[in-house]
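S.K.: mind folding the following:
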Amino acid sequence: MNNKYELIYEGKAKKVFSHDDADKVIIEFKDDATAFNALKKAKFEGKGKLNCLISSKIFEILEENNIPTHFLEIKNENTMIAKKINVIPLEIVLRNIAYGSLCKQTTIETGTVLTKPLIDFYLKNDELNDPLITKDRIELMKILSSRELDFLIKLTLKINEIMKSFFKNIQLQLVDFKLEFGYDSKKNILLGDEISPDNCRLWDLSQKNDTIISLDKDRFRNDLGGLIEAYSEIYKRINNSSNLMK
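M.R.: Numbering: from 1, shown residues only. Alright, predicted model coming up:
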């Protein structure tokens, strides 16, 4: 990145730099992979590029369906330009199928298709290990008002319907995903962060048997191997779908 741009923030998977326009930022996707709150780490060449390209495509699809996002344009293969947002310190997880922590914390069996999408809120705080929190606690901590919280829930459910339908068309099952939101300079709430196999669970529907084939970060979490191949397959399907729609 050109030295004239100031590094504003560096997270586990991205760097955020200043832009000539004060209302914009430059987001550079890293090749780092982390799991279990960064207790497990590795680098995968090309991962940042794939996540940037996949995210930009998904953001474009969401924008076309009237979802307000921070995405503006691709700068290069691993960098995007986005609106500058003040991030809301919440991670919003929507689950369509029971998997992972939900099954460890409840009696719900792995692979159970939920009768309706489940939305969980987690406080973005590394020191507290991103705890699961309730709507009442969110309001008590004055993170969001009741009205804003209702707005985020409705928006998350709408995003789920759009993405579930899109992924199904390219033979992928959207199991669950994590979203982050923030306020722009005019106090509008926008979808931020990224939408990629790093924060979505995606299972391959093109398999002929009932074996779960993960095409997401579970390949790294569970030492399955083939992470770049999985991400590349997702990008290929998204790209082919986009080309067919033109």
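
S.K.: tell me, what residue is most central in this protein?
M.R.: Residue closest to the average C-alpha location in the chain (C-alpha atoms, centre = their mean): I195, at 3.5 Å.

S.K.: nearest residue to it other than its sequence neighbours?
M.R.: Excluding the flanking residues, the one nearest I195 by C-beta to C-beta, 6 or more residues apart in numbering is I58, at 4.1 Å. C-betas here are computed from N, CA, C, even on glycine.

S.K.: can you check A13 too?
M.R.: In space, A13 is closest to K30, 5.5 Å off (C-beta to C-beta, 6+ apart).

S.K.: which strand of this protein spans the most residues?
M.R.: strand 113-123 (DSSP state E).

S.K.: pull the CA coordinates from that strand and hand them back as PDB.
M.R.: Output of strand 113-123 as PDB, limited to C-alpha atoms (Å, rounded to 0.1, in the frame of the first residue of the first chain):
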ATOM      1  CA  VAL A 113     -32.600 -27.700   9.700                       C
ATOM      2  CA  LEU A 114     -34.000 -24.900  11.900                       C
ATOM      3  CA  THR A 115     -37.800 -24.200  11.600                       C
ATOM      4  CA  LYS A 116     -36.900 -20.500  11.300                       C
ATOM      5  CA  PRO A 117     -33.600 -18.700  11.100                       C
ATOM      6  CA  LEU A 118     -32.000 -18.100  14.500                       C
ATOM      7  CA  ILE A 119     -30.200 -14.800  15.100                       C
ATOM      8  CA  ASP A 120     -27.500 -14.600  17.800                       C
ATOM      9  CA  PHE A 121     -25.700 -11.500  19.000                       C
ATOM     10  CA  TYR A 122     -22.100 -11.500  20.100                       C
ATOM     11  CA  LEU A 123     -20.300  -8.500  21.700                       C
END
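
S.K.: strand partners of that strand, parallel vs antiparallel please.
M.R.: Take DSSP bridges as the rule and strand 113-123 pairs in its sheet with strand 90-97 (antiparallel), strand 132-133 (antiparallel).

S.K.: from the middle of its chain, how far away would the first one be?
M.R.: For strand 90-97, the gap between its own C-alpha mean and the chain's C-alpha mean amounts to 10 Å (C-alpha atoms, centre = their mean, to the nearest Å).
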